[in-house]
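Novice: starting from these lines, generate the structure:
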Amino acid sequence: MDHMHRCGWANSSSLMRDYHDTEWGVPERDARVLWETLMLEGFQAGLSWEIILRKREAFRAAFSNFDPKAVAAFGADDIERLMGNAGIVRARAKIEATIRGAQIFNDMQERGDDFAAFCWSFTDGKPVQGAGYNTETALSARISKELKRRGFKFVGPTIVYAWMQAIGIMNDHSPTCFRIHEIPQE
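Specialist: Residues are numbered from 1 along each chain as shown. Reported below is the predicted structural model:
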């Protein structure tokens, strides 16, 4: 039996426990993975993260493994194909936001504005320690505002805060969680 103390949310299922123990909060530096995670957080709005994790491989298959160049080229036929895909969350506005997000990502890259550097610029490239049990912060509001200014959708301060936690910009493991000290602080 596993006797490790985890963040409370991580105990709801083996899927959530594995995600917590291996991915959540680990600083991510890959621009494509950062974008994928942001898009998946947008799909999560109004749902549980566990639903998104259960559908993550279907999302990857449906969205060309979240290759921004491929997704940016999606058109009306692709949107209809995705709307018919029971393996993903079939929300037209979120699908269209993901396609637009790919176009913005590519535009940034073409201008030399690396998405990973952009994401980490708000904390000078270093993870910050969370204050616990927030749903948004001044930092998530600032990042949200900048993402919206660039044209991204489904990037409100609460979604951005959850994304910051997931990709390690914010180490928000509970003080008694075994992972809080295992996560690299760089």
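
Novice: hey, where'd the strands end up in this protein?
Specialist: With DSSP state E as the criterion, the chain has strands at 128-129, 170-171.

Novice: dump those strands into CSV; add distance to R81 and mean neighbour count as well.
Specialist: Any C-beta I mention is one placed from the backbone N, CA and C, and that applies to glycine too. Output for these, formatted as CSV (distance: least, CB to CB, whole Å; neighbours: other CB atoms under 10 Å):
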stretch, distance to R81, mean neighbour count
strand 128-129, 40, 15
strand 170-171, 35, 22
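
Novice: which of those sits closest to S14?
Specialist: The closest approach between S14 and any of the strands of the chain, judged by CB to CB, belongs to strand 170-171 at 23.2 Å.

Novice: just send the strands of the chain back as CSV, with mean pLDDT and distance to C177 too.
Specialist: Output for those, formatted as CSV (pLDDT from 0 to 100; distance: least, CB to CB, whole Å):
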stretch, mean pLDDT, distance to C177
strand 128-129, 88, 13
strand 170-171, 90, 10
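
Novice: who touches the helix ranked longest in the chain?
Specialist: Criterion DSSP state H: the longest helix present in the chain is helix 92-110. Surrounding helix 92-110, the residues in contact under the criterion CB atoms under 8 Å, 6 or more residues apart in numbering are 31, 35, 38-39, 42-43, 45, 63, 68-72, 74, 78-79, 82-83, 114-115, 118, 150-154.

Novice: and if we set it to 7 Å?
Specialist: Here helix 92-110 makes contact (CB atoms under 7 Å, 6 or more residues apart in numbering) with 35, 39, 42-43, 63, 68-69, 71-72, 74, 79, 82-83, 115, 118, 150-154.

Novice: which of the residues you listed are buried?
Specialist: Buried members of the contacts of helix 92-110, scored by 16 or more other CB atoms under 10 Å, are 35, 39, 42-43, 63, 68, 71-72, 74, 82, 115, 118, 152-154.

Novice: most widely separated two among the residues you listed?
Specialist: Within the buried ones among the contacts of helix 92-110, two members stand farthest from each other by CB to CB: L82 and F118, at 26.5 Å.

Novice: can you redo the strands of the chain as JSON lines, where the extra columns are distance to H20?
Specialist: Conversion of the strands of the chain to JSON lines gives the following (distance: least, CB to CB, whole Å):
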{"stretch": "strand 128-129", "distance to H20": "17"}
{"stretch": "strand 170-171", "distance to H20": "13"}
